[in-house]
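Enquirer: Dropping a prediction and its sequence here:
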Amino acid sequence: MIENPKAPRAKRVAALARKKERLATGRFLVEGPQAVREALVHRPGLVDTVYATMGTEPWQHEIDRLASDGGIDLERVTPEVLAAMAETVTPQGVLAVARTWQTPLSEVFADATLVVILHEVRDPGNAGTVLRAADAAGADAVIFAGESIDPFHPKVVRSTTGSLFHLPVTTVATLDAATEAARASGLTVLAADVRGDGLLDARADGILRGPVAWVFGNEANGLSETDRALTDRSLRLPIYGEAESLNLATAASVLLYETAFAQRS
């Protein structure tokens, strides 16, 4: 059992909360029993080590079994060591170190019918929630474009509640690269934008029934005119009440499900 919170290994794990260390090592933190379980079930080949306290929590036996079945190192640590390793203030008794990955754009769009492109999205909670909604709506992949937050940021990983491990995720340097690849694969590129056409118009003309790549922009500034020019059409959600607007994650969830309904009707 690792008992010293200042042990070199504990410090190395804790350092993965910083993007610089994630890029240098190709590793990231997976915190909490739900996320660790999903990593062990869906991407066990990427998990290096699981660190868990010794307890009687309901998840303990399953995490232990999954790690053993996958031939993955399982290290026991004290609560103090786990707290030193974790990015969260109150860790839930288990975390893992896993390898980051990038899915080539050619694979992202192969046979895809619904893809999410996040452009300049900076808030980790928003990014993680959109990724989770994309997973729930049956999307084929999520792309982080431009200066969007790192998809392996600890808060993004936690916000996905395991969905990060269910679908391809990749990053691209520019929005242009993502939209060009989408269009080349036969997807219609739609921008979520308050200046766009009404969603009901898109529903009526059937544009959502075909393969679609949705572009969601920065929380504060949305998409620039240059960004919108890279898309085929802009659409907005109607506001029927007095709300000034919807936040990114809420709007994205509605639009993704609206698309999923149309494609399955």
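Expert: Yep, that arrived. Residues are numbered from 1 along each chain as shown.
Enquirer: List the beta-bridge partners for Trp214.
Expert: Val116, Leu190 (DSSP bridges).
Enquirer: Wait, it touches Leu255, no?
Expert: Yes - if you go by Cβ atoms under 8 Å, Trp214 and Leu255 touch, sitting 6.1 Å apart. Quick note: C-beta positions are derived from backbone N, CA and C, even for glycine.
Enquirer: which residues are in contact with both of these two?
Expert: Taking Cβ atoms under 8 Å, 6 or more residues apart in numbering as the contact criterion, the common neighbours of Trp214 and Leu255 are Ala192.
Enquirer: The protein - how does it break down into domains?
Expert: Listed domain ranges for the chain are 8-99, 105-264 (source: automatic domain parsing).
Enquirer: Redo those domains as CSV? Include mean neighbour count, distance to Ile2 and mean pLDDT.
Expert: Below are the domains of the chain laid out as CSV (neighbours: other Cβ atoms under 10 Å; distance: least, Cβ to Cβ, whole Å; pLDDT from 0 to 100):
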stretch, mean neighbour count, distance to Ile2, mean pLDDT
domain 8-99, 17, 5, 95
domain 105-264, 19, 20, 95
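Enquirer: mind giving me TSV with those domains and columns for distance to Met1?
Expert: Formatted as TSV, the domains of the chain follow (distance: least, Cβ to Cβ, whole Å):
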stretch	distance to Met1
domain 8-99	4
domain 105-264	24
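Enquirer: Show me the residue sitting in the middle of the protein in space.
Expert: Central residue of the chain (Cα atoms, centre = their mean): Leu131, 4.1 Å from the mean position.
Enquirer: which residues does that one contact?
Expert: Val116, Val142, Pro151, Val156, Ser159, Thr160, Ser163, Leu164, Val169.
Enquirer: helices or strands up against the longest helix anywhere in the chain?
Expert: Of all the segments of type helix in the chain, defined by DSSP state H, the longest one is helix 248-264. Applying 3 or more Cβ pairs under 8 Å, 6 or more residues apart in numbering; DSSP states H and E, one finds that helix 248-264 contacts strand 114-119, helix 124-136, strand 188-198, helix 199-205, strand 212-216.
Enquirer: What is the distance between the shortest one and the centre of its chain?
Expert: In other words, strand 212-216. Averaged C-alpha coordinates place strand 212-216 at 15 Å from its chain's average position (Cα atoms, centre = their mean, to the nearest Å).
Enquirer: contacting residues around that strand?
Expert: With contact meaning Cβ under 8 Å, 6+ apart, strand 212-216 is reached by 112-119, 121, 130, 175, 178-179, 182, 187-192, 223, 227, 230-231, 248, 251-252, 255-256, 259, 263.
Enquirer: returning to that earlier point: what is the orientation angle of the longest helix of the chain with helix 124-136?
Expert: Angle of helix 248-264 versus helix 124-136, following axes from the mean of the first three to the mean of the last three Cα atoms, to 10 degrees, is 10 degrees.
Enquirer: rewinding a little: go through the helices and strands packed on helix 248-264 and name the closest to Asp69.
Expert: When these are compared by Cβ to Cβ, helix 124-136 sits nearest Asp69, at 23.9 Å.
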